[in-house]
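1. just coords:
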C-alpha cells in the first residue's frame, strides 16, 4: 500500500501527525505492483544520468591527477580527493535510492541500512570540508602569497586531505545509532530503514548538528574566504585599468606661457627622435594594455567560478538539510504522502547532482583538465585498438594453423 493510499484511509491522523507507522495494514505485493509511471520514469532517468555522469566525470578527474605529473598541483590534489568523496556517494547511495523507487520495503537487512546512510554522510562531510579547505588554500595563495610558500605545500595538502577523511569518518558516526531497521505492519510485515522515531530529542539534536556541520560552518568559512578573494581580485582589476587606461605615449605638457622661437626650433629639431620614441612607447603601451585586458578577462572568469561554487553548493544541499530539520521538529510529516514525496525526492536528487556538477565546474572549465581528459581518452582508445589488433592477429594465426595441411604419411 502506498503512502498516498494511506492518506486516503487515515486522512485525519496523517494530517495531525498522529499516525502510527508500526501498526498500519501493509500489503507488500500491492506496493510492489502499484507504480505511477509519470512519477517513476523522470526520477529514474535523473538517477541514471546522475550515476553515469558522476562515474565518468569523477573517474576522469582521479585518473588525470594520478597519471599526469603536470596535473599534480595543490588544487588538483584537492580535486582528486573531492572526486573520490563524490564517487563514493555515487557508487554507494545512488543505486540504493534508485532501488527504493521500486519498493517501499527495505529488504537488504539492518547492516546495509546503517552502512549506506553512514557512507552518505561521510561523503557529504568530506566533500564540503574539501571545498572549504580549497577555499582556505586559495585565500592564502591570493591574499598571503608569502605565507602560502611554506604553508601551502604538497606535504601539508596531503596531510589536510587525510585529516579531512578521518574527521568525516568520525563526525558521521551518530547516524549509526539513530538509523534503525524497523519492522512495520500488522497482517503483512515489511521493513523500513528509518531514523528512530522513539528518540525525538536525539533526532532533533542530530538534524541540527548535521545542518550546522554541513551547511552553516562551511558557508561561513567559504563566504569569508571567497568574498576576500573577490575583493582582492577586484582591486587588482581596478589598478590595472587605471595603470593602462591612459595613453601615456601621447601626454601633452600644458604651459600658460607662450612658447619662444628658440624653443619652437629646438622642438622641431627633436621632433623626429620624439616621434620614434613615442612610436616605441605606443607599441609597448599597446602590448601591456592587451596583456592587462587578457588578465582582466581571466580574473573575471575566476570570480564567476568562485561565486558559482558557493551558490551551487548551497542550492544542492540546503533543501534536504532543511527538510530533515523540519521533519524532526514535526513541521513536516515523516511519511511521504501528497506533495512530500516529490519534495523529498527532488531534495535528494539535488544533493546527489552536486557530485556530478563538481567535475563540470572544476574540471571541464579548466583548459589543463580538458587537455588531460582528451589525452586519457586517446590513451584508452589506443589501448583498445591495440587489443583488437592483437586479437585479430591471434585469430589469423589460429586460422592459418588450422588451414595449413599437415605432413603426408
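-> Looks like it came in fine. Given the structure is predicted, the values throughout are model-derived calculations rather than measurements.

2. ok, which stretches of the stretch 51-200 of the chain are helices?
-> Under the criterion DSSP state H, counting those that start in this stretch, helices of the stretch 51-200 of the chain are mapped to 74-100, 110-143, 145-151, 154-171, 174-178, 200-211.

3. Serialize these to JSON lines and add fields for mean pLDDT.
-> JSON lines is the format used below for the helices of the stretch 51-200 of the chain (pLDDT from 0 to 100):
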{"stretch": "helix 74-100", "mean pLDDT": "87"}
{"stretch": "helix 110-143", "mean pLDDT": "91"}
{"stretch": "helix 145-151", "mean pLDDT": "85"}
{"stretch": "helix 154-171", "mean pLDDT": "95"}
{"stretch": "helix 174-178", "mean pLDDT": "93"}
{"stretch": "helix 200-211", "mean pLDDT": "94"}
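
4. nearest to residue 309, of those helices?
-> For the helices of the stretch 51-200 of the chain, proximity to residue 309 was assessed by C-beta to C-beta; helix 110-143 is nearest, at 7.0 Å. For the C-beta atoms, the positions are set from N, CA and C on the backbone; glycine is no exception.

5. Give me the angle between the closest one and helix 74-100.
-> For helix 110-143 against helix 74-100, the angle by axes from the mean of the first three to the mean of the last three C-alpha atoms, to 10 degrees is 150 degrees.

6. buried residues in helix 110-143?
-> 113-142 (16 or more other C-beta atoms under 10 Å).

7. where does the protein dip in pLDDT?
-> Filtered on pLDDT under 70, the chain yields the residue ranges 1-37, 186-187, 244-303, 305-306, 362-364, 366-368, 370, 373, 384-409.

8. again, 50 this time
-> In the prediction, the chain carries residues with pLDDT under 50 at positions 1-19, 246-257, 262-266, 272, 394, 396, 398-409.

9. With respect to residue 360, which of the helices of the stretch 51-200 of the chain lies nearest?
-> helix 74-100 (11.4 Å).

10. Flag every buried residue along that closest one.
-> For helix 74-100, by 16+ other C-beta under 10 Å, it's 74, 76-90, 92-94, 96-98.

11. ditto for stretch 165-174
-> For stretch 165-174, by 16+ other C-beta under 10 Å, it's 165, 168, 171, 172, 174.

12. my read: residue 90 touches residue 58, true?
-> Yes - between residue 90 and residue 58 a contact is recorded at 6.9 Å, counting by C-beta atoms under 8 Å.

13. Need the overlap of contacts for those two.
-> residue 355 (C-beta atoms under 8 Å, 6 or more residues apart in numbering).

14. can you put the helices of the stretch 51-200 of the chain in CSV and add distance to residue 358?
-> Shown next, in CSV, are the helices of the stretch 51-200 of the chain (distance: least, C-beta to C-beta, whole Å):
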stretch, distance to residue 358
helix 74-100, 6
helix 110-143, 8
helix 145-151, 24
helix 154-171, 15
helix 174-178, 23
helix 200-211, 20
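
15. Of all the ones you listed, which one comes closest to residue 242?
-> helix 110-143 (19.9 Å).

16. and the closest one with helix 200-211, angle?
-> Using the same axes, to 10 degrees, helix 110-143 lies at 30 degrees relative to helix 200-211.

17. which ones are touching residue 218?
-> 128, 129, 131, 132, 313.

18. From residue 51, how far out is it?
-> Plainly put, residue 218 is 26 Å away from residue 51 if you go by C-beta to C-beta, to the nearest Å.

19. And the strands in this structure?
-> Assigned by DSSP state E, the chain shows strands spanning 179-184, 190-195.

20. Quickly compare those and say which is most buried.
-> Sort the strands of the chain by mean neighbour count, taking mean count of other C-beta atoms under 10 Å, and strand 190-195 sits at the top with a mean of 19.

21. Parallel or antiparallel, list what pairs with it.
-> Its sheet considered, strand 190-195 pairs with strand 179-184 (antiparallel) by DSSP bridges.

22. correct me, but residue 318 touches residue 215?
-> Yes - under the criterion of C-beta under 8 Å, residue 318 makes contact with residue 215 at 5.9 Å.

23. wait, doesn't residue 123 sit right on residue 89?
-> Yes - if you go by C-beta under 8 Å, residue 123 and residue 89 touch, sitting 3.7 Å apart.

24. hey, what's in contact with both of the two?
-> Common neighbours of residue 123 and residue 89 (C-beta under 8 Å, 6+ apart) are residue 355.

25. Give me the number of neighbouring residues for residue 232.
-> Residue 232 is flanked by 14 other residues according to other C-beta atoms under 10 Å.

26. Contacts only, for it.
-> Residue 232 sits in contact with 142, 143, where contact means C-beta under 8 Å, 6+ apart.

27. Okay, it and residue 102: tell me how far apart.
-> Going from residue 232 to residue 102 by C-beta to C-beta gives 52 Å.

28. hmm, back to that, got the strands of the chain as TSV, with distance to residue 108 columns?
-> Formatted as TSV, the strands of the chain follow (distance: least, C-beta to C-beta, whole Å):
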stretch	distance to residue 108
strand 179-184	10
strand 190-195	9
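
29. among these, which is nearest residue 68?
-> The minimum distance between residue 68 and the strands of the chain falls on strand 179-184, with 40.2 Å, by C-beta to C-beta.

30. I'd like the distance between the residue nearest to residue 222 when sequence neighbours are not counted and residue 156.
-> Closest residue to residue 222 apart from its sequence neighbours, by C-beta to C-beta, 6 or more residues apart in numbering: residue 135 at 4.7 Å. Separation of residue 135 from residue 156 (C-beta to C-beta) stands at 16 Å.

31. And residue 213, by the same measure?
-> Residue 213 is 24 Å from residue 156, by C-beta to C-beta.

32. same check, this time on residue 165
-> Counting by C-beta to C-beta - residue 165 and residue 156 are separated by 15 Å.

33. for residue 85, same thing?
-> 19 Å.
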